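Novice: Give me a 3D structure for the following:
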Amino acid sequence: MKPVRKAVLPVAGLGTRVLPATKAIPKEMLPVFDRPAIQYVVDEARVAGITHFVFVTGRNKSAIEDYFDRAYELEDTLRMKGKTDVLQALEAELLPPGASSFVRQQAPLGLGHAVWCARDVVGDEPFAVLLPDVIVRAAPSCLAQMAQVYAREGGNVIAVEPVPESEVHKYGVIDPETRDGRVMKMRAMVEKPKREAAPSNLSITGRYILQPQIFDHLARQGAGAGGEIQLTDAMAALMQEQSFHALEYDGRSFDCGDKAGYLRAFAAHALADVELGARCAEILRELLAEERG
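Specialist: Predicted coordinates for the structure are as follows:
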């Protein structure tokens, strides 16, 4: 069984739900407290053993490529000013030479199409997909937990988390066949079911480990919901040929794709900061008191 070494990050989206901020800044580069959202996702994958990142980009996304490159002028300035701690922190977040690839999704044809655009870089090996809108706080990282399941079960693995039954109609949920602790063998997936028809309240989080045969299904798949090529349709087809397991991971996700979710993610990471968390909590309490009074 081949190890999971590569990760696909679809970052071509326009971020329309957080306009006007994303008119000039890629949504993945919006800061979540002290670093851009994309950095959290990359860090999660690196902890899980990912050594090559495939960014599926679009127009006006060059800031992402620049962010993961060296900034010689900045580094030299920090070095001359003796700010070694900041310099070391920046260097720790760099990807090694040759550890990233950037491919273009030239039209917004859906998540499935974005993943398919990475086919030549991924090649004939299993790979991870991490949606950059979602930041997951977990220890070990969500993808690291999934990698443990993959090492034991093989096949394909997706991350899930419970949502209130009153909200299942907002998500894609799984239909579990059997369960062993936090790991379930999947029978099917259902996209945004009615509450009374939902097979479970376990929503798909936006983390996947997939076998390369998914590309064959994506290549011949037509448009699905919303007129786009859907990754879930290809996974449903692959499920007829290979095993799929779902992991109810230990952690918490934050959807940065809309303004309220972005605020929640920002506040949560600010409060969790070792050095400034207490001060951030004080500031938030002050703001709430002012708003109420």
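Novice: pLDDT on stretch 65-84, on average?
Specialist: Averaging pLDDT along stretch 65-84 yields 89.
Novice: Pull that stretch out as CSV, backbone CA atoms only.
Specialist: Provided in CSV are the C-alpha atoms of stretch 65-84 (Å, rounded to 0.1, in the frame of the first residue of the first chain):
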residue,chain,number,x,y,z
GLU,A,65,2.7,31.2,-4.7
ASP,A,66,4.7,34.3,-3.4
TYR,A,67,3.8,33.5,0.2
PHE,A,68,5.4,30.1,0.0
ASP,A,69,8.5,31.5,-1.7
ARG,A,70,11.5,33.2,-0.1
ALA,A,71,11.2,37.0,0.6
TYR,A,72,14.8,38.0,0.3
GLU,A,73,14.4,41.7,1.1
LEU,A,74,12.3,41.0,4.1
GLU,A,75,14.6,38.3,5.4
ASP,A,76,17.7,40.4,5.0
THR,A,77,16.0,43.3,6.8
LEU,A,78,15.0,41.1,9.7
ARG,A,79,18.6,39.7,9.8
MET,A,80,20.2,43.1,9.9
LYS,A,81,17.8,44.2,12.7
GLY,A,82,18.6,41.2,14.7
LYS,A,83,15.0,39.9,14.7
THR,A,84,16.1,36.3,14.6
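Novice: Going by neighbour count, which residues of it are buried?
Specialist: 67-68, 78 (16 or more other Cβ atoms under 10 Å). (Glycine included, C-beta is placed from N, CA and C.)
Novice: got it, and stretch 1-15?
Specialist: Neighbour-count burial for stretch 1-15 flags 4, 6-15 (criterion: 16+ other Cβ under 10 Å).
Novice: Work out the gap between that stretch and the centre of the chain.
Specialist: 8 Å (Cα atoms, centre = their mean, to the nearest Å).
Novice: what about it, how long is it end to end?
Specialist: Using Cα to Cα, to the nearest Å, the end-to-end distance of stretch 1-15 comes to 37 Å.
Novice: what's the average pLDDT for that stretch?
Specialist: Here the average pLDDT along stretch 1-15 is 90.
Novice: Alright, that wraps it up for me.
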